[in-house]
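Trainee: the amino acid sequence is not available; the structure is as follows:
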């Protein structure tokens, strides 16, 4: 069973007119820094709560 024909002639010599001034700059809003979480809940409690939430979704 085939997945359709592939015509290489359709893929050759594709001219795309692009204006790089309008291009998206993916690094425009890069940020370097630290993340800190304030709270009195420890990791084990958070992992336990996540497990409970997953179990609730399975039902």
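Mentor: Cool, the structure landed. For clarity, every value in this text was computed on a predicted model and none was experimentally measured. Numbers count the residues shown, from 1 in each chain.
Trainee: and residue 32, how far is that from residue 15?
Mentor: For residue 32, the distance to residue 15 equals 39 Å [Cβ to Cβ, to the nearest Å]. To be clear about C-beta, it is placed using only N, CA and C from the backbone, and glycine gets the same treatment.
Trainee: ditto for residue 51
Mentor: In terms of Cβ to Cβ, residue 51 sits 55 Å off from residue 15.
Trainee: looking at these two, which is more packed in?
Mentor: residue 51 (10 against 4; other Cβ atoms under 10 Å).
Trainee: what about that one, which helix or strand?
Mentor: helix 43-58 (DSSP states H and E).
Trainee: by contact count, what packs against that helix?
Mentor: Helix 43-58 is packed against no helix or strand, with contacts defined by 3 or more Cβ pairs under 8 Å, 6 or more residues apart in numbering; DSSP states H and E.
Trainee: go through it and flag the buried ones.
Mentor: Buried residues in helix 43-58, defined by neighbour count with 16 or more other Cβ atoms under 10 Å: none.
Trainee: could you check how far that helix is from the centre of its chain?
Mentor: 24 Å (Cα atoms, centre = their mean, to the nearest Å).
Trainee: which SS class is residue 15?
Mentor: coil (DSSP: H, G, I helix; E, B strand; the rest coil).
Trainee: and residue 30, by the same measure?
Mentor: Per three-state DSSP, residue 30 ends up coil.
Trainee: which SS class is the residue positioned nearest the centre of the chain?
Mentor: The centre of the chain sits closest to residue 26, judged by Cα atoms, centre = their mean, with a distance of 13.1 Å. With three-state DSSP as the basis, residue 26 sits in coil.
Trainee: state the distance from it to residue 32.
Mentor: Distance from residue 26 to residue 32, by Cβ to Cβ: 15 Å.
Trainee: what does residue 54 give?
Mentor: Applying Cβ to Cβ, the value for residue 54 to residue 32 is 33 Å.
Trainee: now residue 12: which helix or strand?
Mentor: Here residue 12 is assigned to no helix or strand, by DSSP H and E.
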